[in-house]
Structure formats: C-alpha cells, structure tokens
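> sequence unavailable; structure follows:
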C-alpha cells in the first residue's frame, strides 16, 4: 500500500559507475527495486539520476524519515537482495549519507524536475555555511526553472556539506549558469570542496 509523502530528514546518495553497455538493463532493474522500496513506510522518495556528461555514472538518491529507519532498512534481507540484483552492473560504488538541514520549496515550480545539481562544500562551523546558503536561496527565489534546493550535511563528517538543487530541465539550468543570476552563488565558493567537483544529473526514473 502506498504511503503519503512526508518531509524527509535523512538522505542517502549512492554513487555508481556502471560496466560499459549495462545502463539500459540497470535502469530497468533499479525501477523494479524502487517499486519494492517505496512500500517501506519510512521511505520518502527515490530518484535515479544520470550524469549529464558521463553515460556510465549514476546516483541513487533516497529520502527517509530518519537515520534509524534507513539503517534498519539497510540491514534488512530485502536490501541485501536489492544489492545482489545491482551487483552485476556496478564497476565502482560508494555512498554518503546526509541530514537535511534546510529546505526551500519554491511555489509555482514544476513538480517533475528533470535535472539535479549536487555541489559539495565544507565548513568548520555550521552557522557559516547555513547563513551563506540561506542568503543565496533568498536571492535565487523566483529563478526560472529552479524547483527546489536543499542544504545537506554529511552524517559521518559534520564539516562536509552539499547543496542539492532541482531544475525543470537542462536548458533552464544552462540559462541560469550563463546569465547574471548565477553571480548570486559567489558567496558559496569559499565553502566549495575542490576535491569533489559539482556534478549535474538527469532524472531517468523516480518513485515517490
């Protein structure tokens, strides 16, 4: 039975590099797995996103009620079965987990955004990056194509953050990147993690 979608407090991001030529079958397999995961009462949504510049790189994003619920699912037999199904497609895999610190939902924006941008960041003091993020979010309110953005904090390393934004399409994102509105993000550059570049992903499937 489907459950109503509620705000998420915990996010898991699994980064994968696929074996060449396996992407179509991988996407189909993930879609079947996601249909099973969505029956979990604590799951708040899932997204499969493909790197716009690398056809073999994907990320699986899933939102959960809290960390305890996610860890319980992670230890379950169902999750182990899902991992086995995806194993033949994986060349490389890693996972990071985040606490959702702040969310800005922009009214009147498309619900089915097609592109996600993940910008890694770091800061010694939470108030520094949080204040910067909130200031930028205020400046970007009303930006065409921007559906949502959130500041995430790494669960395992509280100095590491990521800014996640959702766009109605790649065209809207590129337009933003090439006009003066992008200058509003300049204050975030001092928090950017140079070792982990920003990445852009296209949504190829999602379940909420």
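Structure received. All of these numbers come straight from a predicted model, not from anything done at the bench.
> now stretch 74-93: average pLDDT?
Mean pLDDT, computed over stretch 74-93, is 95.
> need the contact partners of it.
14-19, 22, 25-26, 29-30, 32-33, 36-37, 56, 73 (CB atoms under 8 Å, 6 or more residues apart in numbering). Yep, even glycine has a C-beta here, placed from its N, CA and C like the rest.
> quick one: buried residues of that stretch?
Neighbour-count burial for stretch 74-93 flags 79, 82, 86, 89, 90, 93 (criterion: 16 or more other CB atoms under 10 Å).
> so who does the closest residue to residue 160 other than its chain neighbours touch?
Spatially, and ignoring its direct neighbours in sequence, residue 160 is nearest to residue 154 (3.8 Å; CB to CB, 6 or more residues apart in numbering). Applying CB under 8 Å, 6+ apart, we find residue 154 in contact with 96, 97, 98, 160, 161, 162.
> which one of those residues is nearest residue 132?
residue 161 (10.0 Å; CB to CB).
> dump the buried residues of stretch 74-93 into TSV; add distance to residue 140 and secondary structure as well.
Output for those, formatted as TSV (distance: CB to CB, whole Å; DSSP: H, G, I helix; E, B strand; the rest coil):
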residue	distance to residue 140	secondary structure
79	36	helix
82	36	helix
86	35	helix
89	36	helix
90	35	strand
93	32	strand
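> could those go into TSV alongside distance to residue 198?
Below are the buried residues of stretch 74-93 laid out as TSV (distance: CB to CB, whole Å):
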residue	distance to residue 198
79	29
82	28
86	25
89	25
90	23
93	21
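> any idea how far the residue nearest to the spatial centre of the chain lies from residue 13?
In the chain, the centroid-proximal residue (CA atoms, centre = their mean) is residue 61; its distance is 5.0 Å. Residue 61 is 5 Å from residue 13, where distance means CB to CB, to the nearest Å.
> show me the shaky parts of the chain.
Counting by pLDDT under 70, the ranges of the chain that qualify are 1-8, 104-114, 207-208.
> what do you get if the cut-off is 80, keeping everything else the same?
1-8, 102-115, 123-127, 170-171, 178-180, 193-197, 202, 204-208 (pLDDT under 80).
> need the strands for it, in chain order.
Applying DSSP state E to the chain gives strands spanning 10-18, 43-51, 57-64, 90-105, 115-122, 146-154, 160-167, 199-207.
> as TSV, those with distance to residue 186 would be great.
Listed next are these as TSV, based on distance: least, CB to CB, whole Å:
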stretch	distance to residue 186
strand 10-18	25
strand 43-51	25
strand 57-64	26
strand 90-105	18
strand 115-122	13
strand 146-154	16
strand 160-167	13
strand 199-207	19
